[in-house]
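[1] below are the sequence and a predicted model; questions follow.
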Amino acid sequence: MVPRVIFGRGSFNQLSDLLSPNRLNRNAPFIFLVDDVFKTNASIASKIPLAYDDKIIYVSTEEEPKTAQVDILVEDIILTSKERPSGIIGIGGGSILDLAKAIAIMLTNEGKSEDYQGWDLVKNKAVYHVGIPTISGTGAEVSRTTVLTGPERKLGINSDFTPFDQVVLDPELTKGVPNDQWFYTGMDCFIHCVESLNGTYLNAFSKSYGDMAYSLCKEIYLEDTLTKKDAQDKLMMASWHGGMSIAYSQVGVAHAMSYGLSYLLGIKHGIGNCIVFNHLEEFYPKDVALFKQMLSKHSIILPKNICANLGDKDFEIMINISLSLEPLWENAIGKNWKKIITPKKLKQLYLKM
Ligand code: NAD
Ligand code: ZN
């Protein structure tokens, strides 16, 4: 679990107080990894407390994090810092939070980041790392994984050293999020809850978090009772609880299939989950119906026929990526999932999307 978290509008202003006790010495900088959407945003960029050799690295989130990208950033940080950094601070959405976690790990572990994709392969404690989300939904701020696309697979580095040492939850930071992105990333949270609450891995610990996040999502996306600020505050908490829920259970069909879309077509996580979930009535009937209401209430039009021009080889790649995520299928369907989820079945589903 994340050992330290602060919540509140304006809590970003306390960053300097949070960081200073963790500075190792003047030669060991804090490295701020920031979504480049904030390069020109004075309300965030100007509040980053820089001292000594501290550095901001702006990163584009045009594409989701890659193992090679992590390795290049780590190399660059090592070459340009006098000493190993005091800490890595990620400011952005799931993409930046995952990059920050992966860099913190790779600063203290040898080799390439692709070597650590999987479960519990990390040997050494990571550099101190702080997560500051600027968009809510993924739960990356609380999770035990950092999802990376490598040469062979899209898979997280799941380890006890992955979670942040400190998280700052300041809902004010989410105010500039475009409407469609707010929907897609928020739906990632809704889908986390649905997949966790309907999975065979569910337990009371996971369920209590999942229930909370699920009802917050319904309130935010289906009712008209909340002010904009309340909705921002609540979605930030939903993201946290949804992340906690899947950390102690597992995700399901939408995630397993959207990883295939992401790997082959580069479709991003939030929208990819929405595209898939929209066609999963047979697995999650009640919640797909709710999801369709949310789509229509917020006038979101999802892309269609994205698999129409794919060849056999393409389907094979997507289907293999998806089927390789065995724990997700086992959670969604049960121990005998291979009887139901065949390559033919997945191709039929992909063709609907
Ligand atoms: P993102 O980080 O890719 O950001 C989406 C877009 O929103 C970007 O264009 C970004 O610039 C913009 N944005 C972010 N904050 C903004 C703000 N305040 N104002 C204006 N624009 C803003 O999107 P995401 O959906 O948060 O994250 C997706 C990533 O998270 C994927 O790489 C996925 O694999 C990962 N993920 C990780 C976990 C985990 O547990 N580690 C869980 C789910 C998803
Ligand atoms: Zn997700």
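    Okay, I see it. Ligands and ions are numbered 1, 2, ... in the order given.
[2] quick one: residues contacting the closest residue to Tyr259 other than its chain neighbours.
    Nearest non-adjacent residue to Tyr259, counting by C-beta to C-beta, 6 or more residues apart in numbering: Lys154, 5.2 Å away. Glycine gets a C-beta too; all of them are placed from N, C-alpha and C. By C-beta atoms under 8 Å, 6 or more residues apart in numbering, the contact list for Lys154 reads Val147, Leu148, Tyr259, Ser262, Tyr263, Ile321.
[3] Leu33 now?
    By C-beta under 8 Å, 6+ apart, the residues touching Leu33 are Ile57, Val59, Leu73, Ile88, Ile89, Gly90, Ile91, Gly92, Ile96, Leu99, Ala100, Ile103.
[4] give me the subset of those lying in helices.
    Among the contacts of Leu33, the residues falling in helices (DSSP state H) are Leu73, Ile96, Leu99, Ala100, Ile103.
[5] of those, which pair is most distant in space?
    Greatest spacing in those, by C-beta to C-beta: Leu73 and Ile96 (11.3 Å).
[6] who has more neighbours out of the two?
    Between Leu73 and Ile96, counted using other C-beta atoms under 10 Å, the more crowded position is Ile96 (28 against 23).
[7] what sits against that one?
    Contacts of Ile96 (C-beta under 8 Å, 6+ apart): Leu33, Val34, Asp35, Val59, Thr61, Gly90.
[8] sorry, back to before: so which of the contacts of Lys154 are also by ligand 1?
    Among the contacts of Lys154, the ones lying near ligand 1 by C-beta under 6 Å from any ligand atom are Val147.
[9] before we move on, the earlier item: touching both of Leu73 and Ile96, which residues are there?
    Taking C-beta under 8 Å, 6+ apart as the criterion, Leu73 and Ile96 both touch Leu33, Val59.
[10] what does the stretch 1-150 of the chain put close to ligand 1?
    Proximity of the stretch 1-150 of the chain to ligand 1 (C-beta under 6 Å from any ligand atom) is limited to residues 35, 37, 61, 64-65, 92-96, 98, 134-135, 137-140, 143, 145-147.
[11] just the buried ones among these, please.
    35, 37, 61, 64-65, 92-96, 98, 134-135, 137-140, 143, 145-147 (16 or more other C-beta atoms under 10 Å).
[12] give me the three-state assignment for Ile321.
    helix (DSSP: H, G, I helix; E, B strand; the rest coil).
[13] that one contacts Leu264, doesn't it?
    Yes - counting by C-beta atoms under 8 Å, Ile321 does reach Leu264; the two are 7.4 Å apart.
[14] can I get the contacts of Lys154 in JSON lines including secondary structure and pLDDT?
    Putting the contacts of Lys154 into JSON lines (DSSP: H, G, I helix; E, B strand; the rest coil; pLDDT from 0 to 100) gives the following:
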{"residue": "Val147", "secondary structure": "strand", "pLDDT": "95"}
{"residue": "Leu148", "secondary structure": "strand", "pLDDT": "95"}
{"residue": "Tyr259", "secondary structure": "helix", "pLDDT": "94"}
{"residue": "Ser262", "secondary structure": "helix", "pLDDT": "93"}
{"residue": "Tyr263", "secondary structure": "helix", "pLDDT": "92"}
{"residue": "Ile321", "secondary structure": "helix", "pLDDT": "93"}
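[15] farthest pair in the contacts of Lys154?
    The distance between the two most remote of these (C-beta to C-beta) is 13.8 Å, for Leu148 and Ile321.
[16] for the two, indicate the residue with more neighbours.
    A count of neighbours by other C-beta under 10 Å puts Leu148 above the other of Leu148 and Ile321, at 25 against 21.
[17] is that one in a bridge, and if so with what?
    Leu155 (DSSP bridges).
[18] thinking it is in contact with Asp115, fair?
    No - Leu148 is beyond contact range of Asp115, at 11.3 Å (criterion: C-beta under 8 Å).
[19] helices of this structure, start to end?
    Counting by DSSP H, the helices of the chain are 15-19, 42-45, 67-80, 94-106, 179-197, 204-222, 228-247, 253-265, 269-277, 285-297, 312-323, 326-333, 337-340, 343-352.
[20] need those helices in CSV with distance to Asp165, can you?
    Shown next, in CSV, are the helices of the chain (distance: least, C-beta to C-beta, whole Å):
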stretch, distance to Asp165
helix 15-19, 10
helix 42-45, 21
helix 67-80, 18
helix 94-106, 9
helix 179-197, 23
helix 204-222, 21
helix 228-247, 16
helix 253-265, 27
helix 269-277, 24
helix 285-297, 34
helix 312-323, 32
helix 326-333, 27
helix 337-340, 37
helix 343-352, 39
